[in-house]
Every structure is written in structure tokens, then in C-alpha cells.
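# With the input below, show me the fold.
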Amino acid sequence: MLQYLIQTTEHSMSAAVLVAMLFIFAHGAGGAEPPRRAPAFALAGALAGLGAAAILSLLIHTTVWINREFLNIGILSVSGAACLAFVPLSLGAFRERAPCAREAALNASLSLLCASLLVYCLPTVMLYPTEFLLAGESVFSTDFLFKSIGYLAGLLIALLTAFALFGARRGIPDRLLRAVLTACLLIDLADRLSTIVQFLLARRIIPMSKGVFEFVKVTVNYDNWFLYLILLFTLPLPVLLWAWGARPRGHWENPAQHRKLKAAARGIRRRSALIFLCYILSVVNLTAVRAYEQREVTLSPAEPMNMAGARITIPIENIDDGHLHRFAYMSSEGIEVRFIVIKKNESAWGVGLDACDICGATGYYEREDEVICKLCDVVMNKATIGFKGGCNPVPLAYEISDGAMVVLTQDLENEQRRFK
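Residues are numbered from 1 along each chain as shown. Prediction:
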């Protein structure tokens, strides 16, 4: 649940804020006259971005035609070019020299920006639900429900932020909007430039230098700071909205008009409060919630077992409670080989190494009666423990004899390489 709440917030929040501000610009902030036909171009760009993102996510999920790396670099390049064209035009460049050409270029860059912002982030977000179900699981499982709640909560935060910002456009001064929008687009451009530079360095298209290395290192280590900076630069907008909505604006001639103005002021304050709330939730998700989600999990200690020659025996009464039990065997080479046992039902046991073919020997732990892979946080389907496939523990042979589970030490010796 928390994993998808964090990831959805991380990948959608900056796009939501920037697209909302571009729509405010297109419709005219503070009652200012918007560029001619700008609302239609912004809407067309957003719809094109949504459609392209849906098609791309489908192709990525069902085919091998799409190379995500090359696709993202192409999108980022188009977005960067659109940003470099939009920023000076939105600030008034070429207003007197070629007004018609300027208007066409401004609308085109506005539309491209809206489309590229959405088509870059949305395919990743749209594909998250395809990861919810493990093999053999049902959509009615608790795990699927919790993952869906986290995913939808992250989307809701981004959507509420965008709609609250756009809904409060009348209270945002046009000059302030242009200044804040310019700063945020340049911050986003720096983020995109970092991704492009990483690609060019990896392909050895550009040489490595100390300056380039330091730039990439900082942007990789502090990637979320680009989002934090966007939220920080846009923070004056809800602050100003709250102040603007502190009292009714305009003149009234009767109590009914006064009540209408007071209701409008309350609406502005509510929108600004909603923006504040969404900003706080976003930052908390990416800091405190992420720290909690990524906290180090300590594996439970190995339990005692009986060894006699080449046989390890574990009394059934010690492992028949339906919980995960961990055991450790010291191999002839001095390597600790761990294995786990869990009773799946009245007649079946799940027995396997405390390691899998995908994540290695990081181990499994029990959380709220579920078996979880420590590395990837995938919930195991208890019914499939003891069988090969996916992130399941590597199966380990056993037998039940005289009220005890018996495991051969030679089987553990054969698997010691996994725990080196």
C-alpha cells in the first residue's frame, strides 16, 4: 500500500502542479486576458498526452516494441525544446515584432508542454496496477485491496492539487503566475536535462568531466528536491489566496449580495487550504512515509533443531501454528544456510530456502500473518511456498516421519552457494 502511495505521488505530483499552472496561464490568471485560443491548445495538448500515455502503457505492457529509455529521452527532448520556446514567449518576447507568429508559437509550445508532461509521467503510473496481483492471487485479496488504496490515494492527492490550483485562478495575479510558472518550468527543465545527460554519458556520446559528474551526482542523489522546489516556489500562490479570501471582495447593495461575496471568499480559503493539505501530504509521503516503508527489517533468529548424522529433525508441534519458522544449518565450508517452514493447511507444508532465484538470500519475514520478501516487499502466496517460480523461496525437500519434519543436510550443502 505505502509503496504505491509513495511512487504514485512521486511520479504524478510535479506534472499535476505544472499542468494546472499552464491551464491557469491559458485561461488568464487574476482575470487577465489570456492568449487567444490558448485554452483550446492547452486542452488539446492535455488530451493528446492522456491518449498517448494510455496507448504507450498498453504497448509497454503487452509488447516488446517500446524501448523505455529511448522513448523517455525523446519525450524529454521535445519537452525541453517546448519549455525553452514557451518561457520567453510567455514573458512577452516578440510581442511587438511578430504578434501573429508569436501567438502561434506560444500556443504550440503550450500544447506541447502539456502533452509531454503527461506522456512522460503517466505510462509509469498507469502500469502500476499490473504489478498488484501475484500469480494465482485474486482481485478480492486483502493485498490487492491495500495496494489499490495506496495507488488511488496518490492519484487523488495529485488530482486534487491540480483542480484546487486551477479553481483558484481568479485570485492569482497574472504577473506572479508568470514568474512562478517560469521558475517551476526551469526547475523541471534542469531535472529533465539531468536525465538526458545520464543517458548520453551511459552511451559514451559525451565525455565524462568533473563538472558533468558533479551535476549528475547531485541530481541523482537529490532527485525529489526538484519536486520540493516546485512546491516551494508555488507555495506563495495558496498563501496569497488565503489572504485574498480573508474577507469578501467587491461591493454589495443588499444582504443577499453580501452573502454571495462571503461564500466566494470561503470557497477561495477552502481551495487554498486544500492546496496546503495536498502539499503537506506529498512531502510527508516522500519523507516520513518513505522512511517508514524502507526501514530495515530484522529477520527473526533461527530456531533450535535436532541434528543426527545427515538428518535434521524438527518436532511437528514446534512448527504447526501456521507462522513462519526459520532454521539455520552451518555447512562444511562454514556457510550459514537458512531455510524456512510454514504450515499452509492441515495437510500441506511450505518448506524452502530463506532465499529465492530473483532476490538472492535476503530472506523472508512475517508481517500481519503474511510472508514478505525482505528485498522487494512482495507478499508471498502461502499456497505456492514450496513450489518454484517468481519470488517464491527455493523449494527444499523434506519428509514427515514419527511426528517430526526431516530435512537432509546434503540438500542444504548443495544450496550453500546461494548464501555466500
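
# check contacts around residue 147.
Residues near residue 147 by CB atoms under 8 Å, 6 or more residues apart in numbering: 1, 3, 4, 131, 132. (Each C-beta comes from the backbone N, C-alpha and C, glycine too.)

# ugh, wrong one, I meant residue 361
Neighbouring residues of residue 361 by CB under 8 Å, 6+ apart: 338, 353, 354, 355, 418, 419.

# Specify the local secondary structure of residue 406.
The assignment at residue 406 comes out as strand when based on DSSP: H, G, I helix; E, B strand; the rest coil.

# can you pull up the bridge partners for it?
Residue 406 has these beta-bridge partners by DSSP bridges: residue 313, residue 399.

# what's it in contact with, if anything?
If you count contacts by CB under 8 Å, 6+ apart, residue 406 has them with 311, 312, 313, 398, 399, 400.

# could you give the mean pLDDT of the host helix or strand of residue 144?
Here residue 144, judged by DSSP states H and E, is contained in helix 142-167. Averaged across helix 142-167, pLDDT comes to 90.

# Report the buried residues of it.
By neighbour count on 16 or more other CB atoms under 10 Å, the buried set for helix 142-167 is 143-144, 146-148, 150-151, 153-155, 157-158, 160-167.

# need the strands for the stretch 251-400 of the chain, in chain order.
Assigned by DSSP state E, counting those that start in this stretch, the stretch 251-400 of the chain shows strands spanning 306-308, 311-315, 325-330, 336-343, 349-353, 364-367, 370-373, 399-401.

# So which bits of the third one are buried?
Read that as strand 325-330. So for strand 325-330, counting by 16+ other CB under 10 Å, buried means 325, 326, 327, 329.

# returning to what we had before: relative to residue 243, tell me which of the strands of the stretch 251-400 of the chain wins on proximity.
strand 364-367 (46.2 Å; CB to CB).

# Next, count neighbours for the residue nearest to residue 317 when sequence neighbours are not counted.
Distance criterion CB to CB, 6 or more residues apart in numbering; nearest residue to residue 317, sequence neighbours excluded, is residue 403 at 7.8 Å. If you count neighbours by other CB atoms under 10 Å, residue 403 ends up with 9.

# re the thing from before, now the next helix or strand after the helix holding residue 144: buried residues?
For helix 142-167, the following helix or strand on the C-terminal side (DSSP H and E) is helix 174-202. By neighbour count on 16+ other CB under 10 Å, the buried set for helix 174-202 is 174, 177-178, 180-185, 187-189, 191-192, 194-195, 197-199, 201.

# repeat for stretch 310-319
Going by neighbour count (16+ other CB under 10 Å), the buried part of stretch 310-319 is 312, 313, 314, 319.

# Likewise for stretch 378-386?
378, 379, 380, 381, 382, 384, 385, 386.

# What residues does the fifth one make contact with?
Shown here is residue 382, whose contacts under the criterion CB under 8 Å, 6+ apart are 342, 344, 350, 371.

# Then the third one?
Residue 380 makes contact with 134, 364, 370, 371, 372, 373, 391, 392, 393, according to CB under 8 Å, 6+ apart.

# circling back: any chance of a markdown table for the strands of the stretch 251-400 of the chain, columns distance to residue 260 and mean pLDDT?
Putting the strands of the stretch 251-400 of the chain into a markdown table (distance: least, CB to CB, whole Å; pLDDT from 0 to 100) gives the following:
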| stretch | distance to residue 260 | mean pLDDT |
| --- | --- | --- |
| strand 306-308 | 82 | 88 |
| strand 311-315 | 76 | 91 |
| strand 325-330 | 68 | 92 |
| strand 336-343 | 65 | 92 |
| strand 349-353 | 66 | 90 |
| strand 364-367 | 54 | 88 |
| strand 370-373 | 54 | 86 |
| strand 399-401 | 78 | 88 |
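
# No more questions from me, cheers.
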